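here is a sequence together with a model predicted from it:
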Amino acid sequence: MKTSRLIGLLLVSVTVSMNSLTCNAQSYKGSIEGGRTFHTDDIGMFSTTDIYTTHGVQLGSRFYIGAGVGVRLGDDYTSIPLYGSVRYTFLKKRISPFVDAKVGYSLLDAAGFYANPGAGVNWNFYKTLSVFLKVGYTYNSKAYGEAWNKDGDDVYPHGVSASIGFSF
């Protein structure tokens, strides 16, 4: 009798744990985002091409938390930001505004603190699939000064960013 109770308890435990894993799998959310950051400085205007991938958990219908990695490419400039990400969606509709922020550390050129707060519009076109447009500000705490200017002055690779992305 004790053995059958133990087997029954084990089966119930496995079933409950499988159910919680299934629920967690349904709340997974990922995104791919690409865009440009337009930098202004005393030396003029230049830009970087930015590509990010972020993966995390959708908590309820409005709040998302995750982590990701990106690459920022410019003339003689390469940066790899590693970051944590949060997003808050304002409405429970197919088209909804949101605010988000990526905060972390950038590797390679201009290594140091990295932040990318932004705001945008998300269009949910099929179940959990959506497209979004976003504008924001990309910030790097460290300067970079090798090949962007003739004087050799340091340049801070941050500025206004615009991007388009796909969430799944």
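That came through, no problem.

just the pLDDT at the nearest residue to residue 55 once chain neighbours are set aside, thanks.
Nearest non-adjacent residue to residue 55, counting by CB to CB, 6 or more residues apart in numbering: residue 30, 4.4 Å away. C-beta: built from backbone N, CA, C; applies to glycine. pLDDT for residue 30: 97.

same deal with residue 143?
Confidence for residue 143, expressed as pLDDT, is 73.

can you give me the neighbour number for it?
For residue 143, the neighbour count with other CB atoms under 10 Å is 13.

I figured it hits residue 110, correct?
Yes. Residue 143 is within contact range of residue 110, at 6.7 Å (criterion: CB atoms under 8 Å).

the residue nearest to residue 55: how many residues sit nearby?
For residue 30, using other CB under 10 Å, the count is 14.

let me know the distance separating it from residue 64.
In this view, residue 30 and residue 64 are 10 Å apart by CB to CB, to the nearest Å.

ok so, going back, what's the first helix or strand after the helix or strand hosting the residue nearest to residue 55?
Take DSSP states H and E as the rule and residue 30 turns out to sit in strand 28-41. Following strand 28-41 in sequence order, the next helix or strand is strand 44-59 (DSSP H and E).

and the angle for that following strand with strand 28-41?
Strand 44-59 and strand 28-41 meet at an angle of 160 degrees, taking axes from the mean of the first three to the mean of the last three CA atoms, to 10 degrees as the criterion.

returning to that earlier point: distance of the residue nearest to residue 55 from residue 142?
On the measure of CB to CB, residue 30 and residue 142 end up 29 Å apart.

in this structure, which residue is closest to the centre?
The C-alpha lying nearest the average C-alpha coordinate of the chain belongs to residue 54 (CA atoms, centre = their mean; 4.3 Å).

residue contacts, that one?
30-31, 33, 66-68, 85, 102 (CB atoms under 8 Å, 6 or more residues apart in numbering).

ok, of the residues you listed, which come out buried?
31, 33, 66, 68, 85, 102 (16 or more other CB atoms under 10 Å).

closest to residue 94 out of those?
Of all those, residue 31 has the smallest distance to residue 94: 17.2 Å, by CB to CB.

could you find the closest non-adjacent residue to the closest one?
Using CB to CB, 6+ apart, the closest residue to residue 31 is residue 167 (4.3 Å).
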